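[1] Curious how this folds, go ahead:
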Amino acid sequence: MKMLLEVEKTPPAQVQDFAKIEKSLRALKSYGPQSYASLIRPDGSYIQVAGGRVTCVLEIREMPSGKHWRAYLEEPKVPFKGEQTLLFGGGHMKMEPDEVLFIDDVVTAFRSFFDGVAFPENLRWRDMSQMFGGT
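    Numbers count the residues shown, from 1 in each chain. Next up is the predicted model:
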């Protein structure tokens, strides 16, 4: 199945090979010219990431329900406590320490979404639907 890959400051591209997706994800930097990306299924469901390398925030949106979820880890990988702000090309977003993922976590989750299989067991999902007008 072809999906649409959108990366900041690049034209959207139809993809059916995961290698291009992974290359784009690994090039992301929260402070660089490309700091967010999304992969969209034909039904409108998507997975998106903001940031890059060791400061990524990952979210999914399910269609047609409109449910919106943010990934988090049971054990945070970062040493800081309390809410932080991620600055990236799309703006800024508040995040909790357990919501900070590394790019390897993101690549694995995008691969699961691309393949249509279950997400890795270490990822948990926090319902953010109310923030985005979902049900």
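[2] quick one, what contacts the closest residue to M63 other than its chain neighbours?
    Leaving aside its chain neighbours, M63 sits nearest to G44 (4.1 Å; criterion: Cβ to Cβ, 6 or more residues apart in numbering). In this view, the C-beta of every residue, glycine as well, is placed from N, C-alpha and C. For G44, the contacting residues are R61, M63, P64, by Cβ atoms under 8 Å, 6 or more residues apart in numbering.
[3] so how far is R61 from G44?
    Here the distance between G44 and R61 works out to 8 Å (Cβ to Cβ, to the nearest Å).
[4] picking up where we left off before, for the contacts of G44, which one is nearest S112?
    R61 (15.1 Å; Cβ to Cβ).
[5] still on that earlier bit, the residue nearest to M63: which element?
    With elements delineated by DSSP states H and E, G44 resides in a region that no helix or strand encompasses.
[6] cool, and G51?
    strand 46-52.
[7] Apart from its chain neighbours, what residue comes closest to F113?
    If the residues on either side of it in the chain are set aside, F113 comes closest to I47, at 4.4 Å by Cβ to Cβ, 6+ apart.
[8] likewise E22?
    V107 (5.5 Å).
[9] just checking, the one you found is part of a strand?
    No - V107 is assigned helix when assessed by DSSP: H, G, I helix; E, B strand; the rest coil, not a strand.
[10] So for the strand holding G51, what gets flagged as buried?
    Within strand 46-52, the residues scored as buried using 16 or more other Cβ atoms under 10 Å are Y46, I47, Q48, V49, A50, G51, G52.
[11] Isn't the residue nearest to F113 up against V57?
    No - I47 is beyond contact range of V57, at 11.8 Å (criterion: Cβ atoms under 8 Å).
[12] Torsion angles phi and psi at L101?
    phi -110, psi 160 (degrees, to the nearest 10).
[13] Next one: it, what pLDDT does it get?
    Note on L101: pLDDT of 96.
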